[in-house]
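>>> can you look at this prediction? I've put the sequence above it.
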Amino acid sequence: MADTGKALRLRRLSRAGDGRYLFVPLDHSVSDGPVAGNEDWDELIRDLVLGGADAIIVHKGRIRAISPELLEDCALVVHLSAGTVHAADAHAKVLVGDVEDALRLGADAVSVHVNVGSDTEARQLADLGAVASSCQEWNVPLIAMAYARGPRVRDSHDPEVLAHVVNIAADLGADLVKTSMALPVDRMAEVTASCPIPVLAAGGPPAQADPDGSGLAEYARAALDVGCAGLAIGRRVFSAPNPLSLVHRLAAVLHPDAVANHPSMTTGAGAA
């Protein structure tokens, strides 16, 4: 019974209940700058939900800019890490919130960022472990955004390095882990096969090389083929000319049955 709360929250992170995930991180507003105008946040969130996103990821203060009714069919993840591109070390991350903050705000899960190979790796690992302990106490799912980044990383897409990264996340208590795709892509199968928790692929082809989103849809299919449980893609989505259409296209790859049969996940079909 102690795990009932976490089980319910984990179930909410996959709208279709199929164990696949389509997350849209919007925490870039802290790291890089605004992702939408002040008047455009509700429209963006509405498009993401109608398109079929399973969850959005935001910082605690940003929740105040989102109308609660928009999240009736979409999970809320509160990101607890922060750092900016203007810092002396752009790979450094610090905790700026805690699990109790997230629960008070109605979160279904929390996320923590770790850059393995960075100068502040030790601090970030300690933070991940501490948040994992708090998540265990409160039965809250933890998503690790774990990357191989920093001066000690030769290749951030090396499958052996990525296998190490995702297993660090699992060993320190994360329930899901987001990381970079291995190159070549087929070797990502080694990464997912090594990891006891679901792996979500970040990234995708750059927008300028994929204006209609077909490349990103192919990327989603490739991610599933190599054992990923889904995607966590932010910039490609929120900067797209039509986020609803793009999210719907990705949801159709990840949750084909749900998109075909669930009314709240078909609204974007005409825009695709």
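Received the coordinates, thanks. Please read all numbers here as calculations on a predicted model, not as lab measurements. Residues are numbered from 1 along each chain as shown.
>>> now the helix or strand residue 122 falls within - C-alpha only, PDB.
Assigned by DSSP states H and E, residue 122 belongs to helix 121-138. Taking Å, rounded to 0.1, in the frame of the first residue of the first chain, the C-alpha atoms of helix 121-138 are listed here in PDB:
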ATOM      1  CA  GLU A 121      29.300  16.300 -11.100                       C
ATOM      2  CA  ALA A 122      29.700  15.400  -7.400                       C
ATOM      3  CA  ARG A 123      27.200  18.100  -6.200                       C
ATOM      4  CA  GLN A 124      24.700  17.100  -8.900                       C
ATOM      5  CA  LEU A 125      24.900  13.400  -8.000                       C
ATOM      6  CA  ALA A 126      24.400  14.200  -4.300                       C
ATOM      7  CA  ASP A 127      21.400  16.300  -5.200                       C
ATOM      8  CA  LEU A 128      19.900  13.500  -7.300                       C
ATOM      9  CA  GLY A 129      20.400  11.100  -4.400                       C
ATOM     10  CA  ALA A 130      18.800  13.400  -1.900                       C
ATOM     11  CA  VAL A 131      15.800  14.100  -4.100                       C
ATOM     12  CA  ALA A 132      15.400  10.400  -4.700                       C
ATOM     13  CA  SER A 133      15.200   9.800  -0.900                       C
ATOM     14  CA  SER A 134      12.600  12.500  -0.600                       C
ATOM     15  CA  CYS A 135      10.600  11.000  -3.500                       C
ATOM     16  CA  GLN A 136      10.700   7.600  -1.800                       C
ATOM     17  CA  GLU A 137       9.300   9.200   1.400                       C
ATOM     18  CA  TRP A 138       6.500  10.900  -0.500                       C
END
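>>> pull the distance from it to the chain's centre.
Mean-position distance between helix 121-138 and its chain equals 18 Å (Cα atoms, centre = their mean, to the nearest Å).
>>> in it, which residues are buried?
For helix 121-138, burial by neighbour count (16 or more other Cβ atoms under 10 Å) applies to 121, 124, 125, 127, 128, 130, 131, 132, 134, 135, 138. C-betas here are computed from N, CA, C, even on glycine.
>>> between the residues you listed, which is nearest residue 17?
Nearest to residue 17 among the buried residues of helix 121-138: residue 135, at 21.7 Å, using Cβ to Cβ.
>>> now the closest one. Nearest residue, chain neighbours left out?
Excluding the flanking residues, the one nearest residue 135 by Cβ to Cβ, 6 or more residues apart in numbering is residue 142, at 4.4 Å.
>>> repeat for residue 67
Nearest residue to residue 67, sequence neighbours excluded (Cβ to Cβ, 6+ apart): residue 42, at 5.4 Å.
>>> any idea how far that neighbour is from residue 71?
For residue 42, the distance to residue 71 equals 11 Å [Cβ to Cβ, to the nearest Å].
>>> what sits against residue 132?
By Cβ atoms under 8 Å, 6 or more residues apart in numbering, residue 132 lies in contact with 142, 172, 173, 174.
>>> recalculate using a threshold of 10 Å.
The neighbours of residue 132, taking Cβ atoms under 10 Å, 6 or more residues apart in numbering as the test, are 99, 110, 112, 140, 142, 144, 169, 171, 172, 173, 174, 175.
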